[in-house]
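Undergrad: A predicted structure for the sequence below; I have some questions about it.
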Amino acid sequence: MSEFEDNNIAETVKTEVQTPSQPPTGKFKKEAAEWIQAIVVAVVLALIIRTFIFTVVKVDGPSMEETLHHEERLIVWRLLYQPTQGDIIIFHPAKAPEKCYVKRIIATEGQSVYVDYENNQVLVDGYPIDEPYIPEAMRPIYTSKEMIVPEDSVFVMGDNRNHSSDSRDSTVGFVKKSSILGKAVIRFWPFNKLTVF
């Protein structure tokens, strides 16, 4: 074998020895870091969506029957929501801010409200509003007087008027707009009662 050929063999062996394969632990660490980063991004996005765009709530109690029932789930729209008469909203009552109530907006700021128990009507600005969702005649469980909705507030009532603690009750009263979480837009549970409001 010539000297030239010997040098080629030696060089080939040298090259092969100097090219080690990547340790498996380094690859695992890189993949783990990528997964952690993806999870953190997903959590941050979920928090942003839940805080500013929409959230999910569970109905607790019978105050909105027959429209909503106990333990049904709702998607609540939050982004840039402006209260409108007839909307079903979720809010924190001033005297129990740790709780969430679901009620219907009957009147907004500046409007007058009178609950006429004798004729089973609610008058807003002197005119009875159409309420086909009421399951039964209202009983006079609260004092009836004309009220003017203050600035930056709304007047709310449950659809199940005889089993609802709402703006007629002094423990709830007028609802500040700042305490409103948002408007119920979809009932998604149970699936067979899927509804867009």
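TA: That came through fine. None of the values given here were measured: they were computed from a predicted structure. Residues are numbered from 1 along each chain as shown.
Undergrad: drop to CA atoms for contacts and neighbour counts, all remaining ones
TA: Fine.
Undergrad: For this protein, which segments are assigned as strands?
TA: Secondary structure of the chain by DSSP state E: the strands cover 54-58, 73-77, 88-91, 101-108, 112-116, 121-124, 127-128, 147-148, 153-157, 175-176, 180-189, 195-196.
Undergrad: Skipping adjacent residues, who's closest to the spatially most central residue of the chain in space?
TA: Most central in the chain under CA atoms, centre = their mean is T55, positioned 2.4 Å from the mean C-alpha point. Closest residue in space to T55, ignoring its immediate chain neighbours: V76 at 5.3 Å, by CA to CA, 6 or more residues apart in numbering.
Undergrad: Next, format the strands of the chain as TSV and append mean pLDDT and distance to L47.
TA: Listed next are these as TSV, based on pLDDT from 0 to 100; distance: least, CA to CA, whole Å:
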stretch	mean pLDDT	distance to L47
strand 54-58	91	10
strand 73-77	95	14
strand 88-91	97	19
strand 101-108	98	22
strand 112-116	96	38
strand 121-124	96	38
strand 127-128	96	42
strand 147-148	96	37
strand 153-157	98	27
strand 175-176	96	24
strand 180-189	95	15
strand 195-196	94	24
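Undergrad: Could you pick out the longest helix of this structure?
TA: helix 24-48 (DSSP state H).
Undergrad: Now do it against strand 54-58, angle only.
TA: Going by axes from the mean of the first three to the mean of the last three CA atoms, to 10 degrees, helix 24-48 is angled at 80 degrees with respect to strand 54-58.
Undergrad: which other helices and strands contact helix 24-48?
TA: Judged by 3 or more CA pairs under 8 Å, 6 or more residues apart in numbering; DSSP states H and E, helix 24-48 has no packing partners among the helices and strands.
Undergrad: So for that helix, mean pLDDT?
TA: Averaging pLDDT along helix 24-48 yields 77.
Undergrad: Now it: buried residues?
TA: For helix 24-48, the neighbour count (16 or more other CA atoms under 10 Å) marks no residue as buried.
Undergrad: How many residues are close by S153?
TA: 20 (other CA atoms under 10 Å).
Undergrad: Surely it touches K176?
TA: Yes: counting by CA atoms under 8 Å, S153 touches K176, with 4.3 Å between them.
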